[in-house]
Structures are given as C-alpha cells and as structure tokens.
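S.K.: Take this sequence and fold it.
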Amino acid sequence: MSRKLFVSAGECMLEMATQANGDFRLGFAGDTLNTAWYARACLPHATWDVAYFTRLGTDSYSEKMKAFFAENGIDTRFVSADPVRQPGLYLIDIKDGERSFTYWRSQSAAKLLADDAAALEAAFSAADVVYFSAITLAILAPERREIFVAAVKAARDAGRLTVFDTNIRVRLWESPDVMKAAITAAA
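M.R.: Sure thing, here's the model as predicted:
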C-alpha cells in the first residue's frame with residue numbers, strides 16, 4: 001500500500017503567551033500549522049505522512065520551529081529558508097478570561113511562500129490532500145495570491161483533494177472587497 005501525503009500550506013508564527021506570573025512562554029502556532037499538527041496526530045502513521053509548506057528564515061528561531069515540526073512528525077521537505085526574513089511573532093494577553101493578540105509579521109518569511117511557483121507545484125503535486133486557509137492568502141501580495149490559487153487549482157484538477165478553511169482575519173486584507181474576491185476565487 002502506498003503512503004498518502006497531507007500538505008498544509010501557510011504561516012507558522014512565534015507565539016509568546018502570557019503566563020500567570022507575567023512571564024511569557026514561547027510556542028509555535030498558526031492556523032495551518034495547528035491543522036498539520038492535528039492531522040499528524042489523527043491520521044494513521046502507517047499510511048499517511050503530513051508535511052508543512054512554508055517559508056522560514058535562517059535565524060535560530062526558524063531552526064527551532066523547523067525542529068518542532070520534525071519532532072512532531074511533520075515533514076519539513078517543503079519548508080524553504082529566506083536569508084533575510086524570519087517568522088512573524090505574536091503576543092497573547094489574557095484579561096478577564098479573554099485572549100487578545102498583538103502581531104508583528106511585516107517581515108515574515110511566509111509572506112513570500114508563493115514566490116517560488118515551482119516549489120508550490122512540487123509540494124502540491126506530491127500531495128493527496130492540500131490544505132490552506134484564507135490567512136494563507138491574506139498574507140500574500142495580490143499577484144502571489146493568484147499564483148497560489150492557480151497552484152491549488154492545478155492540484156485539484158489533477159485529482160488532489162483540496163481543503164480551504166475560510167478563516168477570516170479582516171485586518172490582514174487590503175479591503176473587504178479584496179478579501180471577498182480572493183476568498184471567492186480560492187473557493
């Protein structure tokens with residue numbers, strides 16, 4: 001029996017969560033990484049591989065993030081390295097039981113994850129399932145969104161199951177109209 005491959009594409013960020021004593025705890029998260037982590041935990045190890053498609057930096061935190069993927073059984077063959085950029089960062093604060101988020105992602109390497117159309121094609125053509133989200137689209141430059149969606153369409157047309165999570169973060173988009181058009185095109 002041949003192995004199947006689930007590829008999740010998007011941005012993983014450095015997560016700094018406030019602890020009860022006021023200190024912060026470092027973690028790695030993001031909607032598409034969280035999905036890859038759960039897919040790896042739930043899909044049978046004997047028949048399924050789970051890979052992550054993203055772009056990281058060459059800094060120590062990118063290396064720690066990539067090691068976290070590997071330690072959790074997430075294949076890193078589709079993770080590329082940017083010599084100038086690094087992962088985005090967010091802080092979580094908790095007040096009265098409600099979480100609030102503050103982001104720093106303008107220099108995120110993942111914003112360039114669709115800059116290499118050949119890498120997209122290689123990852124998606126190897127996959128049995130391609131998973132991405134509206135956040136994946138939102139962080140990309142408009143012309144790169146088109147490249148990304150074209151790669152997803154090619155994968156779907158080649159018989160790959162494509163899964164699109166419409167996880168909407170309005171603040172990431174240039175405008176509501178751009179958001180609606182991009183999400184509609186992806187759907």
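
S.K.: tell me, how many neighbours does Met179 end up with?
M.R.: The local packing of Met179 (other Cβ atoms under 10 Å) involves 18 other residues. Placement of C-beta: from N, CA and C, glycine included.

S.K.: contact partners of the helix ranked longest in the chain?
M.R.: Longest helix of the chain, by residue count under DSSP state H: helix 142-157. The contact list for helix 142-157 (Cβ atoms under 8 Å, 6 or more residues apart in numbering) reads 9, 112-115, 117, 120-121, 124-125, 127, 130, 132, 136-137, 140, 162, 164, 174, 178, 182, 185-186.

S.K.: Please check those and keep the buried ones.
M.R.: For those, a burial check counting by 16 or more other Cβ atoms under 10 Å picks out 9, 112-114, 120, 124, 127, 130, 132, 136-137, 140, 162, 164, 182, 186.

S.K.: roughly how far apart are Lys111 and Leu56?
M.R.: Lys111 sits 12 Å away from Leu56 when distances are taken as Cβ to Cβ, to the nearest Å.

S.K.: and which of the buried ones among the contacts of helix 142-157 is nearest to Leu91?
M.R.: Thr136 (21.7 Å; Cβ to Cβ).

S.K.: Phi and psi next, for that closest one.
M.R.: phi -50, psi -50 (degrees, to the nearest 10).

S.K.: Hmm, it is touching Leu33, no?
M.R.: No. Thr136 is beyond contact range of Leu33, at 10.9 Å (criterion: Cβ atoms under 8 Å).

S.K.: just the helices in this structure please.
M.R.: Going by DSSP H, the chain shows helices at 31-42, 60-71, 117-126, 134-138, 142-157, 176-186.

S.K.: This completes my enquiry, with thanks.
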